[in-house]
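[1] Here's a sequence, model it:
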Amino acid sequence: MVNNNNLNLSKEKDGDVEKNTAIHSFQSKDEDVGFKELYEQSLNQIQYGDIATGKVVQINADNVMVDVGWKTEGFIPARELRDAQGNINVSVGDDIVVFVDKRDSEGNLILSREKAAKLKVWDDIKNVCDNNIPIKGKVIEKVKGGLSVDIGVIAFLPGSQIDTRPIKDLDRFVGQSLDFHVLKYDRKRNNVVLSRRSIVAAEREAEKKDTLNNIKEGSIVEGVIKNITDYGIFVDLGGIDGLLHVTDISWGRIAKPAETFHKGDKIRVKVLSFDGEKEKVSLGLKQLTENPWEHITDKYPVGALVTGKVVNLTDYGVFVELEPGVEGLVHISEMYWTREIKHPSKVLNVGETITVVVLEVNPEAKRVSLSLKQTSANPWEKLREKYKVGTIVKGTVRNITNFGVFIGIEEGIDGLVHVSDISWKHRVTHPAEHFKKGQEVEAVVLNVDIENEKFSLGIKQIEKNPWEDLAQKYAPGSVVTGKITNFTDFGIFVEIEEGIEGLVHISEISQKRVKTSSELYSAGDTVSAFVKSIDTKSKKIRLSIKDMEAPPPAPASNQYINNTENLGSNLAQALAEVKIGKTKKGE
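    You can find the predicted model right below:
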């Protein structure tokens, strides 16, 4: 049977049109019909370039013989009919569509199944393009600017025509069979341009209508994660997107949703609110489970020993997951009794299981305070029992600061000797002037503060306070002799014995008016002076040189021994004392 689609692809040779012939072998059963008439009939029926439907009459290794009607037989190269395994995929008697191609040098009619298929494809391409009908094709590979698609011929799908929104990952389409629209084609140049955008738009519009008709508040739906941000996840519910806010993902803490969820993943969520007019949908994930914070105080009472998994490490502590949605914080101060750590990551790892004690539970703030160190005995309580106040201990200098010296007494426990507890007599500007790391020293236990975890020591307390005797030794009215050690704007300091200095205020230097003390004295000069007053608590001795030029005052009564000042001191002397105190404090 001949398919008369009148393609008339007659061949031209040397400028002359070759007469079309189509008979390879011809035998007539009807003896009344002459050979000439049959030949002419065959010429009218079969033309080069025609597509005909024939019947397989013979198969051999190289060719397959096909009867295309009127006893006109042609040959198809066997290679065109072999499958991927090399087997010929037709049998004798099968009908097959072929293209009438040409005659070989021996006059045999050559047919082609491949060319027939291609011609049919172009007919299909024209038809779907003219009528805006989808055509199915398989994506072969990613190429520059888009995808290569097999629709019978190789066509081009631009990246902008793949979807209604930009697609970054084109590789995921390779190997997929999809429907396309033909935007344009050029048969001569073998060029076809496809589009999938309009098909996707139509599919989504249909999905959207269906979704809007069925969605309602409180319903549980399934969607695909479309986008992930720090504030939430956008879920494609079918033509319409819903927002799963970060606060509705988990009953616990979610720092970054992208660490837990991924684009393209399917997810079941609950519709919290729905606005059909604005097409806005709010979703919740945690609402699919019971709120664990409702009975948190019953489940985790204060003082309970619980286990959990380390889920986050920060500068200030460790977050421990007690159960899904419930996390507690072990503050860095609650990690160890005596061990000092700079960062929790030095001792713990994410994913590690630890045992902790519940310190506080706040359901409203969704906060649980935990302690790691309180799972063991408090060593500070043992320390107070072991080292009573007044006990003399030995240790090694571990650290020196401007405010004191840390002395190692036991493993992980240091005692602090404050700068004010180093010496009775000497003014210590910086402890580093008197101590070195690793130096062994003795000290007296002053206090063990369990609550604040402080161990206070003193070095000067090993000796008796010399100022207790100085009050009797240098009673007001007595005369002392010493060397000038320092000059100030308000007077001079005189060392009356090692480590003990007294102040001669500028108003007490001479009976004469003196602007600066350096007018009369130099550092290292030896002077004598009367003791005006002595304060053992603030460690101050007030001296007077000018009184040596006048008759000595009457002996002091016992009230001076008790650190009282002469009520007759003038305003200048009172102000001088304030200035002296400030200056020494600065020193």
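
[2] Which residue would you name as the spatial centre of the protein?
    K256 (6.7 Å; C-alpha atoms, centre = their mean).

[3] Mind jotting down where the helices sit in the stretch 451-587 of the chain?
    467-473, 558-561, 571-586 (DSSP state H, counting those that start in this stretch).

[4] ok, now the chain?
    35-45, 113-131, 197-214, 296-299, 379-386, 467-473, 558-561, 571-586 (DSSP state H).

[5] which non-adjacent residue is nearest K532?
    Using C-beta to C-beta, 6 or more residues apart in numbering and skipping the chain neighbours, the partner closest in space to K532 is R542 (4.3 Å). For glycine as for every other residue, the C-beta is placed from the backbone atoms N, C-alpha and C.

[6] how much space is there between A84 and V139?
    20 Å (C-beta to C-beta, to the nearest Å).

[7] Of those two, give the one with the bigger neighbour count.
    Neighbours of A84 and V139, each counted by other C-beta atoms under 10 Å, are more numerous for V139; the result is 22 against 6.

[8] Got the domain ranges for the protein?
    Domain assignment for the chain by automatic domain parsing gives 2-117, 215-288, 292-369, 379-462, 467-586.

[9] what is L457 paired to in the beta sheet?
    Beta-bridge pairing for L457 (DSSP bridges): V417, V445.

[10] related to what we said a few turns ago, what's the closest of the domains of the chain to G146?
    Between G146 and those, the tightest spacing by C-beta to C-beta is seen for domain 215-288, at 21.0 Å.

[11] Distance from the chain centre to stretch 479-498, please.
    Relative to its chain's centre, stretch 479-498 lies at 65 Å (C-alpha atoms, centre = their mean, to the nearest Å).

[12] Okay, buried residues for that stretch please.
    By 16 or more other C-beta atoms under 10 Å, the buried positions in stretch 479-498 come out as V480, G482, I484, T488, F490, G491, I492, F493, V494, I496.

[13] Return the subset of those lying in strands.
    V480, G482, I484, T488, G491, I492, F493, V494, I496 (DSSP state E).

[14] Looking at pLDDT only, which of those scores worst?
    Taken together, these show their lowest pLDDT at I496, with 84.

[15] Report the contact partners of it.
    Counting by C-beta atoms under 8 Å, 6 or more residues apart in numbering, I496 touches Y474, V480, T481, G482, G502, I541.

[16] Name the pair among the residues you listed with the greatest separation in space.
    Largest separation among the contacts of I496 by C-beta to C-beta: T481 and I541, giving 13.4 Å.

[17] what's around V389, how many residues?
    11.

[18] swap in K394?
    10.

[19] what is it paired to in the beta sheet?
    Beta-bridge partners of K394, as defined by DSSP bridges: E442.

[20] that older thread, dump the buried residues of stretch 479-498 into JSON lines; add distance to F274 as well.
    As requested, these are exported to JSON lines (distance: C-beta to C-beta, whole Å):
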{"residue": "V480", "distance to F274": "95"}
{"residue": "G482", "distance to F274": "93"}
{"residue": "I484", "distance to F274": "92"}
{"residue": "T488", "distance to F274": "82"}
{"residue": "F490", "distance to F274": "82"}
{"residue": "G491", "distance to F274": "86"}
{"residue": "I492", "distance to F274": "89"}
{"residue": "F493", "distance to F274": "85"}
{"residue": "V494", "distance to F274": "91"}
{"residue": "I496", "distance to F274": "92"}
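
[21] Does the residue nearest to the centre of the chain touch Y231 like I think?
    No - applying C-beta atoms under 8 Å, one finds K256 not in contact with Y231, separated by 10.5 Å.

[22] From I354, how far out is the residue nearest to G308 when sequence neighbours are not counted?
    Spatially, and ignoring its direct neighbours in sequence, G308 is nearest to V320 (3.8 Å; C-beta to C-beta, 6+ apart). For V320, the distance to I354 equals 7 Å [C-beta to C-beta].
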